[in-house]
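> requesting a structural model of the entry that follows:
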Amino acid sequence: APTPTMSRPKSAGLVRLLLGVLGLRATSSQQASTAAGLVQSELAQMQQLRSVVDEQRFLVSDLTAAAQLACHKLWQVDAFVTIQDFGSGESGENMLAMLKKLGFAPQVVYDVGANNGASAELLLELWGAHGSAGTLTLHSFEPVPPTYGALQDRLTRLVKSSPSSGMSALDYPLREYRTDFGSVTLHNAAVSDTDGSMEMFDGLDKIANRGKRSAWATLAKKGTSYGVVKTVTVDNLVRHGLPAPDLVKIDTEGWDYMTLVGMQETLAAQKIEVLLFEFSHDTWPRSKNAAATLENAAALLDKYGYDSYLIGDSIHIQLNGGLWAPMYEQLRWGNVVSIRRGAPCQLGVDCINPDKPTLRTHPYPCGAKQRCS
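Below you'll find the predicted structure:
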């Protein structure tokens, strides 16, 4: 009968090889068995060592990611202080134009705080008359009566058609224009965090323009009262059949945070792809809501899967994802864009463009970062 060592020649050969590596020599079957046990023990220790090495590798990887995040945050803060290009009156308009170049093509747009129609005209230029026929649905919200009249006049000239009038399901006046590219509906209501009614003010320090149109009209108590206006929330509009928006533009002179609070169901459903809103440390506190801060706005949007960026002429500063800095709260005025995480257009916003003059003197030192196309 063959001996045990001969029945498994490959195993025996492996054992002899490992024994040689370990400096041992087997002279009998018993010694070979003992030596094999030593080999198994050594292999087990090697496996434990490998596990420790793998854990250390993951730890180093985590530390590297944390170091890159810290570097990026410091660079953003330095850029915010050094470049100072975050108060341009055209930053919001430029961002919309850039989003179009990146392929963003909203079919439903909410224009909150439409004022005299300048934003509606821009939106129509970008995605209306020059877009695909019959695809754009624009809803413009303006609560102030004299401003709502100016908005109607402007839209009538723009679309060259007469509107039909009616009442919304939430009991406020509507004007709807049908065009060859879709439709424009004017809503004589304010968008807020609650449905009901509130007093509207002209936002001015003086009363010289009492009762006239004001570009600073607000639900925050400042200036002369226009009287009580209808208020609605985005969530309730969607519940009552209005199509959920792909793009929401908000310009409510200090009431932007409250508007965001009133659309949390729609945000949670990830129906909105892009939001654009204004921030000012002068006007937001007028809402008398202690939660109305830029940090809380970015955190609220982050909670529902949106990354927010303070829009600059040369660089866009991310406000969430561990990159918040308290000094951003002191910005006197600026625009913020929030993009649904993973949306195709995000890559064109969350990027570095070293070719821009201001960034050539403020290089990015933190490793790999998507280059702007």
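
> helices along the stretch 1-150 of the chain, start to end?
4-7, 9-22, 29-83, 91-101, 118-127, 145-159 (DSSP state H, counting those that start in this stretch).

> helices of the stretch 251-373 of the chain, start to end?
256-261, 264-268, 294-303, 357-360.

> right, so of these, which gets closest to Val234?
helix 264-268 (5.4 Å; C-beta to C-beta). For every residue, glycine as well, the C-beta is placed using N, CA and C.

> what mean pLDDT does the closest one get?
Mean pLDDT, helix 264-268: 98.

> what sits up against it?
With contacts defined as C-beta atoms under 8 Å, 6 or more residues apart in numbering, helix 264-268 is touched by 234-235, 238-239, 244-245, 260, 272, 300-301, 304-306.

> 7 Å instead, please
By C-beta atoms under 7 Å, 6 or more residues apart in numbering, the residues outside helix 264-268 that reach it are 234-235, 238, 244, 272, 304.

> by mean pLDDT, which helix or strand of this protein comes out lowest?
helix 4-7 (a mean of 42; mean pLDDT, DSSP states H and E).

> now Glu265: how far from Thr156?
34 Å (C-beta to C-beta, to the nearest Å).

> cool, and Ala79?
Ala79 is 44 Å from Thr156, by C-beta to C-beta.

> could you do Val274 as well?
In terms of C-beta to C-beta, Val274 sits 28 Å off from Thr156.

> same thing with Asp180?
Counting by C-beta to C-beta - Asp180 and Thr156 are separated by 16 Å.

> so the two - more neighbours on which side?
Neighbours were counted for Asp180 and for Thr156 using other C-beta atoms under 10 Å; Thr156 has more, 15 against 10.

> pLDDT at that one, what is it?
On the pLDDT scale, Thr156 gets 88.

> list the contacts for it?
Counting by C-beta under 7 Å, 6+ apart, Thr156 has contacts 162-163.

> ok, 8 Å please
Contacts of Thr156 by C-beta under 8 Å, 6+ apart are 162-163, 177.

> got a winner among the residues you listed for most neighbours?
That'd be Tyr177 among the contacts of Thr156, by other C-beta under 10 Å, with 20 neighbours.

> isn't that residue up against Arg154?
No. Taking C-beta atoms under 8 Å as the definition, Tyr177 is not a contact partner of Arg154, at 11.2 Å.

> got the helices of the stretch 251-373 of the chain as TSV, with distance to Leu323 columns?
Shown next, in TSV, are the helices of the stretch 251-373 of the chain (distance: least, C-beta to C-beta, whole Å):
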stretch	distance to Leu323
helix 256-261	19
helix 264-268	20
helix 294-303	9
helix 357-360	17
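
> highest mean neighbour count out of the ones you listed?
helix 256-261 (a mean of 24; mean count of other C-beta atoms under 10 Å).

> counting by contacts, list what that one packs against.
strand 247-250, strand 274-279, helix 294-303 (3 or more C-beta pairs under 8 Å, 6 or more residues apart in numbering; DSSP states H and E).

> other SSEs contacting the last one?
Just to be clear, that refers to helix 294-303. helix 256-261, strand 274-279, strand 306-310, strand 334-340.

> so where is the stretch 51-200 of the chain shaky, pLDDT-wise?
52-63, 88-90, 129-134 (pLDDT under 70).

> try 50
Residue ranges of the stretch 51-200 of the chain with pLDDT under 50: 130-133.
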